[in-house]
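Participant: kindly return the folded structure for what I paste below:
(4 chains)
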There are 4 protein chains.
Amino acid sequence: MTLRVGVIGTGAIGREHVRRMTQVLKGAEVVAVTDVNAAQAREVVDAFKLQAVIYENGQELIRAQDVDAVMVTSWGATHEEFVLASIAAGKPVFCEKPLAVTAEGCKAIVEAESAFGKRLVQVGYMRRYDRGYRAVKEALVNGTIGEPLILNCAHRNVSVPDFYTRDMSIVDTFIHELDVHRWLLDDDYVSVQVVQPRKSRLAGSHLQDPLLVYMETAKGVRINGEIFVNCKYGYDIQCQVVGEMGIVSLPEPMSVTMRSEAKLSTGLLTDWKERFIEAYDIELQDWIDSTLRGEMNGPSAWDGYAAAIASDACLEARDSGAIVRISMPERPSFYRHPSEDKAASGIS
Amino acid sequence: MTLRVGVIGTGAIGREHVRRMTQVLKGAEVVAVTDVNAAQAREVVDAFKLQAVIYENGQELIRAQDVDAVMVTSWGATHEEFVLASIAAGKPVFCEKPLAVTAEGCKAIVEAESAFGKRLVQVGYMRRYDRGYRAVKEALVNGTIGEPLILNCAHRNVSVPDFYTRDMSIVDTFIHELDVHRWLLDDDYVSVQVVQPRKSRLAGSHLQDPLLVYMETAKGVRINGEIFVNCKYGYDIQCQVVGEMGIVSLPEPMSVTMRSEAKLSTGLLTDWKERFIEAYDIELQDWIDSTLRGEMNGPSAWDGYAAAIASDACLEARDSGAIVRISMPERPSFYRHPSEDKAASGIS
Amino acid sequence: MTLRVGVIGTGAIGREHVRRMTQVLKGAEVVAVTDVNAAQAREVVDAFKLQAVIYENGQELIRAQDVDAVMVTSWGATHEEFVLASIAAGKPVFCEKPLAVTAEGCKAIVEAESAFGKRLVQVGYMRRYDRGYRAVKEALVNGTIGEPLILNCAHRNVSVPDFYTRDMSIVDTFIHELDVHRWLLDDDYVSVQVVQPRKSRLAGSHLQDPLLVYMETAKGVRINGEIFVNCKYGYDIQCQVVGEMGIVSLPEPMSVTMRSEAKLSTGLLTDWKERFIEAYDIELQDWIDSTLRGEMNGPSAWDGYAAAIASDACLEARDSGAIVRISMPERPSFYRHPSEDKAASGIS
Amino acid sequence: MTLRVGVIGTGAIGREHVRRMTQVLKGAEVVAVTDVNAAQAREVVDAFKLQAVIYENGQELIRAQDVDAVMVTSWGATHEEFVLASIAAGKPVFCEKPLAVTAEGCKAIVEAESAFGKRLVQVGYMRRYDRGYRAVKEALVNGTIGEPLILNCAHRNVSVPDFYTRDMSIVDTFIHELDVHRWLLDDDYVSVQVVQPRKSRLAGSHLQDPLLVYMETAKGVRINGEIFVNCKYGYDIQCQVVGEMGIVSLPEPMSVTMRSEAKLSTGLLTDWKERFIEAYDIELQDWIDSTLRGEMNGPSAWDGYAAAIASDACLEARDSGAIVRISMPERPSFYRHPSEDKAASGIS
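Facilitator: Reported below is the predicted structural model:
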């Protein structure tokens, strides 16, 4: 049995997911593509020798009879429309982050999916599928360190391109932490405060870099988050949970150990694409497999909504300097079915 | 295009490779199976819902029209026969180690393949596909540590089953080192000496455990090899190359870092199956892809022959206590075509 | 030449310093002791076979002709009185922390010493003499990581005794961080905020444990401090400075590396006394040597005053939940002489 | 009570020990010095402001009434004579390695000391006092890893001076391993084999570098020793003991952890003097304290004799290429008194 996928948006990540489904993963076939840039869609069809129809637009693609499931990898501002259309068509949809560019938009999707009565939406938060985060989660679930009390994290990039804006450190960068920590701690945020350390002279003048994000969860866990997108030394994702009896930290990336030039060293990554490449593979394979089984286990529309609310609060906290309360609506019972619990356990 | 594979031997590793080709990898379909235990073959067909014919024996399977390529995962003593038959049929064949149980047998295969005039045989030395070994090889090729001078290695298992014999520490365990170090160093062995340290009281009385293997290569590199199959603490594969300007060592397995109970620790594996599971995937995918392209890049019949000669020398050295010379015949130019060189570079 | 030292207070740390000066260090002789518990003073004289006069009280000891320098290791509340008396007597004085139990008391000492016109006071902040902190400081001074932007630190104890009060996590525990970070960063604090994470169930009911202290310095460096005095797993002092081009962290304690029980581990300390035992030796030897040369290089009365002001602000921040401004008076030029600059460089 | 020490030989290490006794350690006073270069002796007396008589030669110094104990730090070839004279005078003597330049010479000392009937001689093998080796020994004594089976070690220097001869890699460099491993394992050597790996192009043409030394002990432990005195990357002393249930390794040198330039690194030493500077302090302090108590705990004349026999065997093995048997005479009971056992335990 093969999942026939239609891909909306064949730019960087869309192209990469087409490659993945075509050359790496099992069980899916890309049968339809579309892109605002038709030439780009054509190029992808040719590059991967797809037997795929090129549609005028996303709406047509979603309606296509032979499209079993939709992948939304278009420009962020269009996600909401295509996800809603997929729900309306009753088709499973994998949507890259963000689910929608506003919390309101996410809420509309949550409501549409709830009304439909069955989970159809998965949001592309791939870190939940990273072996490292899974191992941290496993340690937490096993109770090895007791209850979590503090979470220290850092998201560091070597540098960022010129088009990287001030807001992107929250909405594009830290958004991954906002999702993965909710999942890791099985908890929700209640407040956030953002402070600006001394600025690095090596960061663009329009940026606040680094930035610290202090959060509190419903269970009282405190999160100390660092965003530093011009750290120069490497692409470094850190996550450490301090528990009642011990501390568990993300693995360092696999690397040979060198003794040379008076140093004992292991290598750090510099390219972010390497860090989560395997997680993307696992994520999409899991989505294909689950969808073929009629299930939906990954990050839900509710998770996308929660991330959007937290992200908005981070921006407000950054601009106001105040401690901003985060209030999530009550989680609908719809988003608590068994398959999700399984995914939450981190042990697939 | 799909490679139609016939699998001879559906026991432990055969079954695992069927799972791999069916559920994980791209481009292959298992269309034929056989096993001395017919019920076992049937079970595998059912378990993986294969559209596969069950053959009476390997010879029939090899002859089958729709079998494009053969996988030999039967009992070691039968490998030679099936590999020779595959060559006779002009079909690509992936043979789990050992290529043959005697060096003579390997030589016969080398001669048959040479006579056929095209590489058809790949031997299942999966370590060459391990990311860790590849990273060590890359450091060597890049010249980061200068020329290699000494190689220290250890192969340690938590324990071994009752059927594990005295010879198996060489022919089943250290055989992997015998292959991978030739590849890593791009070199051949010229001598071997085996010494027995004080025996562990926790090893079976019929075993010599641990065992040290001292080897010399044509380029003068000295290898200090340790085999310790009842080390109790973990499954631990170590490889360290001392070069003129530095030292490079295999990565430790990925693990969370824990601070607990007065220790700062990372986890070691205990199950050997976890250590190279990814290497098996990469190895077989590479075999499928290469075979579909009409190439053969992996460990060759010549490599299998070299390992057999070295393994025989190790046994002789162990029994005699003497330094045993290892003389490989001149490598036929047949085994030096470009694709092999590419594989040897470790950078695929 | 020998420094004749009078010791006021021969309890735990006083006794330890007497041992140090008598059995480990060079250049000092304990010629006078006193303690509120006369039997305790007698015991110390006997235990270390001192040729020392036992005085009725600190004031008499300070006045004694043959006492060249004074060591104040009595109960904290008495420090101010004895330090002031030493200054009045024109005698160098080493005072264990705190310099005085109030910032006002510290200020009085600063004023008395300034009026005297020559540095006489050293406060017992031994971390500045720890090899680890010195190495971090050296990396900062060398510019290896660019300007410091963020400092992450943790002070974790296995557990605390019953008499440990809520305030002690600031005034006894974090006080060390308050001093050493000023020195490390060569900077002053401008604000502090204290937040309480979820409480560990393994901490006494009267404690807030762990506790987070967020500070800002005049140069804009942000400090994320964790105090966790019932962390169970070890005595663990962490300090990490994030700079513009890299990160430097305190060394882990020296330990053998073990491979055992499926773990690769190094040991962590459990007893705080082991962690800084060498720093105490270096600190006191430096005090003896400097004093014999007529200099005073270590943590000054001004440093003690600064720590007291910061400590008061931490308590206020903890109780109010607010961000509390810290305003140090202008540093008198008196506290900026060359020898102090030498000490500040961390390279003796 | 002060130990009045006479120092024979005030060159590099002699001068350093004078500094140590004068400026760092407690309980000793250098009251007499001599050197073949009288100006050198005078310089040391002046540099450290010693109240010391300068003698014409070692024999006179040993006879001096006010010399309680002798330190022999002269040219190696003269050690035997001065140690024998000290024994004849009934004076405790600390002799830097080698005890004598021939095994015969060591034997003569052993016999003289035995005839005298009381231990007087300590040989300067400082590694037994290194915290790292002590921690390894402690792990062995505690049984944490079961019985030791294999010991892997390496002695690596960045480079060696021009006067460094071919033999020095054994008699000056590996001699430290020869002593410390006997102590660590509480065992004696029974055979040695030396093999020469491919030579580093960065080593002087007259040297064999690196060199491998394979040894066997009476209990069957196998030692794999590497000597590499032009390794370029650092001064690196490695020692790893493989036991029945685990592995214990020497600590790496204390260093800050850096994240910079795509590397996670700690520093390695480049200067050998830093590595054991603390061990020298502990060693000499222990010698002073023991001598004042009328005891002698450190490496004995017997240990010096054993190292000489092993060193001779290494040279023979290197030159012959054969496995050379090492036969120590039966250890006289004289060398087994309780204080030595205490020292052997590694826990002072």
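
Participant: counting by contacts, list what the host helix or strand of A:D289 packs against.
Facilitator: Per DSSP states H and E: A:D289 is located in helix A:277-292. On a contact count with 3 or more C-beta pairs under 8 Å, 6 or more residues apart in numbering or on different chains; DSSP states H and E, helix A:277-292 meets strand A:3-8, helix A:12-19. Quick note: C-beta positions are derived from backbone N, CA and C, even for glycine.

Participant: quick one: the strands in the stretch 201-348 of chain A?
Facilitator: Chain-ordered strands for the stretch 201-348 of chain A, with DSSP state E, counting those that start in this stretch as the definition, fall at A:211-217, A:222-228, A:236-243, A:246-249, A:257-260, A:263-267, A:324-325.

Participant: which one, of these, ends up nearest to B:L202?
Facilitator: Nearest to B:L202 among the strands of the stretch 201-348 of chain A is strand A:257-260; the distance by C-beta to C-beta comes to 28.6 Å.

Participant: ok now the closest one, how far from the chain's centre?
Facilitator: 34 Å (C-alpha atoms, centre = their mean, to the nearest Å).

Participant: out of the helices and strands packed on helix A:277-292, which is the most enclosed?
Facilitator: Neighbour counts averaged per stretch over the helices and strands packed on helix A:277-292 are highest for strand A:3-8, at a mean of 26; criterion: mean count of other C-beta atoms under 10 Å in any protein chain shown.

Participant: parallel or antiparallel, list what pairs with that strand.
Facilitator: strand A:28-34 (parallel), strand A:69-72 (parallel) (DSSP bridges).

Participant: got a list of contacts for that strand?
Facilitator: Applying C-beta atoms under 8 Å, 6 or more residues apart in numbering or on different chains, the set of residues contacting strand A:3-8 from outside is A:14, A:17-18, A:21, A:27-35, A:55, A:58, A:61-62, A:64, A:66-74, A:78, A:82, A:288, A:291-292.

Participant: re earlier: make a markdown table out of the strands of the stretch 201-348 of chain A and add distance to D:I247.
Facilitator: Written out in a markdown table, the entries for those read as follows (distance: least, C-beta to C-beta, whole Å):
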| stretch | distance to D:I247 |
| --- | --- |
| strand A:211-217 | 41 |
| strand A:222-228 | 36 |
| strand A:236-243 | 27 |
| strand A:246-249 | 23 |
| strand A:257-260 | 16 |
| strand A:263-267 | 18 |
| strand A:324-325 | 52 |
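
Participant: okay if I get those strands as a markdown table plus mean pLDDT, distance to C:S159 and mean neighbour count?
Facilitator: As requested, the strands of the stretch 201-348 of chain A are exported to a markdown table (pLDDT from 0 to 100; distance: least, C-beta to C-beta, whole Å; neighbours: other C-beta atoms under 10 Å in any protein chain shown):
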| stretch | mean pLDDT | distance to C:S159 | mean neighbour count |
| --- | --- | --- | --- |
| strand A:211-217 | 98 | 26 | 23 |
| strand A:222-228 | 98 | 21 | 24 |
| strand A:236-243 | 98 | 15 | 23 |
| strand A:246-249 | 98 | 14 | 23 |
| strand A:257-260 | 98 | 35 | 21 |
| strand A:263-267 | 98 | 34 | 20 |
| strand A:324-325 | 98 | 35 | 16 |
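
Participant: and these as JSON lines, adding distance to chain B?
Facilitator: Listed next are these as JSON lines, based on distance: least, C-beta to the nearest C-beta, whole Å:
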{"stretch": "strand A:211-217", "distance to chain B": "21"}
{"stretch": "strand A:222-228", "distance to chain B": "17"}
{"stretch": "strand A:236-243", "distance to chain B": "8"}
{"stretch": "strand A:246-249", "distance to chain B": "3"}
{"stretch": "strand A:257-260", "distance to chain B": "3"}
{"stretch": "strand A:263-267", "distance to chain B": "8"}
{"stretch": "strand A:324-325", "distance to chain B": "32"}
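
Participant: find the closest residue to chain D in the stretch 151-300 of chain A.
Facilitator: A:S265 (3.6 Å; C-beta to the nearest C-beta).

Participant: list the residues that contact the spatially closest residue to that residue that is not a sequence neighbour.
Facilitator: On the basis of C-beta to C-beta, 6 or more residues apart in numbering or on different chains, the spatially nearest residue to A:S265 that is not a chain neighbour turns out to be D:S265, at 3.6 Å. By C-beta under 8 Å, 6+ apart, the contact list for D:S265 reads A:K263, A:L264, A:S265, A:T266, D:T257, D:M258.

Participant: tell me which residues of stretch A:298-312 come out buried.
Facilitator: Judged by neighbour count using 16 or more other C-beta atoms under 10 Å in any protein chain shown, the buried positions of stretch A:298-312 are A:298-312.

Participant: so which of those residues comes closest to chain C?
Facilitator: Distance to chain C, by C-beta to the nearest C-beta, is smallest for A:A310 among those, at 17.9 Å.

Participant: that closest one against A:V192, yeah?
Facilitator: Yes: when contacts are counted by C-beta atoms under 8 Å, A:A310 is listed as touching A:V192 (7.1 Å).

Participant: need phi/psi at the spatially most central residue of chain A.
Facilitator: Nearest to the geometric centre of chain A sits A:Y125, at 2.2 Å (C-alpha atoms, centre = their mean). The phi/psi pair for A:Y125 (degrees, to the nearest 10) reads phi -90, psi 90.

Participant: again with the one 5 residues further on
Facilitator: Per-residue torsions, A:D130: phi -70, psi 130 (degrees, to the nearest 10).

Participant: count the neighbours of A:R63 for me.
Facilitator: Other residues within reach of A:R63 by the criterion other C-beta atoms under 10 Å in any protein chain shown amount to 14.

Participant: how close does it sit to chain B?
Facilitator: Between A:R63 and chain B the computed distance is 30 Å (C-beta to the nearest C-beta, to the nearest Å).
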